[in-house]
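Colleague: no sequence on this one, just coordinates:
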């Protein structure tokens, strides 16, 4: 019943207002834009500091959440950006508003970042499910990485390479519990990522694994693939590869 309601709400949002119809047109402009191509989804784990990021130059990339803190080190900005967590959006709204390039986020973010040019607002659907048509909406799957996988599928990418998806957190506690950082952040590539005073939610790794399995099966079913080039990552859902080998 909850799933049916979110589907109905998504249809209403998309069809019954000019704002909704324009948003759908914006999203549909990305359908199969990169058909048959490869992309890299860049996570935010500490392993990025042990990754040869120079290999990513020239690749089509998806940045997640606060990856912009690494743009100077990367020497480039990501091709696309995805953020879905509302605590992150609320506290970093100005940063997201100032990003260059297309941004994909969920509908509640509109209240915080406004009508930023080249922003696509995605309806939130109940899952578990993998959305092949993000113009209708997405299931968040407890991780922004899964959201980016759905966007990449819609764009037509044949191969997705993961880096920095450590799937491991020093901070422990009940999934989704809101906490406030007391000091430097040990869970991401930058100690200021969720630095002192930043409010965030503890991860739900079990739900994210369900989402990742859905992504793997959906991609594999049509001859596409997701591979994991994270250095010493703990995620076991996707085939492991060396970044140096896959980006030859």
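Modeller: Structure received. Worth saying up front: this structure is predicted, and the values here are computed from it rather than measured.
Colleague: My guess is residue 192 contacts residue 186. True?
Modeller: No. In this structure residue 192 lies outside contact range of residue 186 using C-beta atoms under 8 Å: 11.9 Å. For glycine as for every other residue, the C-beta is placed from the backbone atoms N, C-alpha and C.
Colleague: Outside of the helix ranked longest in the chain itself, list whatever touches it.
Modeller: Secondary structure of the chain per DSSP state H: the longest helix is helix 205-221. If you take C-beta atoms under 8 Å, 6 or more residues apart in numbering as the criterion, helix 205-221 is touched by 127-130, 132, 139, 141-143, 145-146, 149-150, 153, 160, 167, 169, 175, 225-226, 235, 237-238.
Colleague: what do you get for stretch 19-32?
Modeller: Contact with stretch 19-32 is made by 12-15, 102, 118-122, 134-135, 151, 154-156, as judged by C-beta under 8 Å, 6+ apart.
Colleague: Stretch 180-199 too?
Modeller: The contact list for stretch 180-199 (C-beta under 8 Å, 6+ apart) reads 44-49, 66, 69-70, 87, 91, 164, 169-171, 178-179, 200.
Colleague: Check stretch 223-234 too.
Modeller: The contact list for stretch 223-234, computed with C-beta under 8 Å, 6+ apart, reads 43, 45, 47, 50-51, 149, 153, 157-168, 215-216, 219, 235, 237-243, 246-247.
Colleague: any idea of the mean pLDDT in the longest helix of the chain?
Modeller: Per-residue pLDDT over helix 205-221 has a mean of 98.
Colleague: same thing with stretch 187-196?
Modeller: For stretch 187-196, the per-residue pLDDT averages 97.
Colleague: and that stretch, how far apart are its ends?
Modeller: End-to-end distance for stretch 187-196: 13 Å, by C-alpha to C-alpha, to the nearest Å.
Colleague: cool, and stretch 93-101?
Modeller: End-to-end for stretch 93-101, by C-alpha to C-alpha: 15 Å.
Colleague: Buried ones in it, by neighbour count?
Modeller: For stretch 93-101, a neighbour-count test (16 or more other C-beta atoms under 10 Å) marks 93, 96, 99 as buried.
Colleague: Now do residue 136 against residue 245, distance only.
Modeller: Distance, residue 136 to residue 245, using C-beta to C-beta, to the nearest Å: 36 Å.
Colleague: Which of those two has more residues huddled nearby?
Modeller: The residue with more neighbours, out of residue 136 and residue 245, is residue 136; 17 against 9, by other C-beta atoms under 10 Å.
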